[in-house]
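Asks: Sharing a model that was predicted from the sequence below.
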Amino acid sequence: MRTSRTTRVLRGRAFRAAAGALAVMALGATAAEAAPAAPGQVMRPMGGCRAGIVCGTIFNNTTHNVEVCLAWNGTGGDQAYQTSGSCSSVAYASPHSVYGAPQLVDVDAFYIPAGTSYYGAYSGIPKKWTHTGNGWWKFSNATDVHVDWTS
C-alpha cells in the first residue's frame, strides 16, 4: 500500500505529539509524587532515583535476607567498604527478590556481617565482598548489585 507524503507527515506529527504527551504525563506523575500534600510541608527527593529508572538496586539471589541502607549519612566513596558514616534508614531485601528500582527506592549500601563473604557482581563486574569486621559496602545510584551466594 502506497501512502502519500502528506499522510506520512501527519502520522509522524501524530506520533511525536503522542510521545510528547506521554513525556508530559510522566513528568506530571513525578511532579505529583514530589509535590507537598499540604502547604508548608517539606519536599523530599526520591533518594537518588530519577523517574524510577536510575536507582541503586540489590538483586538478592540468595536464600537469606540482605540488609540494605536506604539513607547513607557521611563521607566515603562508592564501590568501597565504609569506615566512617552511618545508615539512617535500613531495610531488607528478601531472598530471591529485587530491592530498589521496582519500589522507586534508592539503595545506597548493603551490610556484610563479620565472618561472611558475599559473592556476585556489581554493574556486571564479578565481585567477592568480605568486610574485615561488620560493615557496609556503599555503591552509586546507577549501580545494580547482584548478591548470588554467601559463605
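Replies: Looks like it arrived, so ask away. Treat the numbers as computed from the prediction; the structure is a model and nothing was measured.
Asks: Give me the below-cutoff pLDDT ranges for the protein.
Replies: Along the chain, segments meeting pLDDT under 70 span 1-53.
Asks: Try it again at 50.
Replies: In the predicted model of the chain, residues 1, 5-10, 12-46 satisfy pLDDT under 50.
Asks: Would you map the helices across it?
Replies: 5-34 (DSSP state H).
Asks: What is the burial count for residue 129?
Replies: Residues lying near residue 129 (other CB atoms under 10 Å) number 18. All C-beta spots, glycine's among them, are computed from the backbone N, C-alpha and C.
Asks: my guess is it meets residue 111, correct?
Replies: No: counting by CB atoms under 8 Å, residue 129 does not reach residue 111; the two are 10.2 Å apart.
Asks: the strands in the protein, which residues?
Replies: In the chain, the segments counted as strands under DSSP state E are 57-60, 66-69, 72-73, 80-81, 86-87, 90-93, 97-99, 109-112, 117-122, 125-130, 135-138, 144-150.
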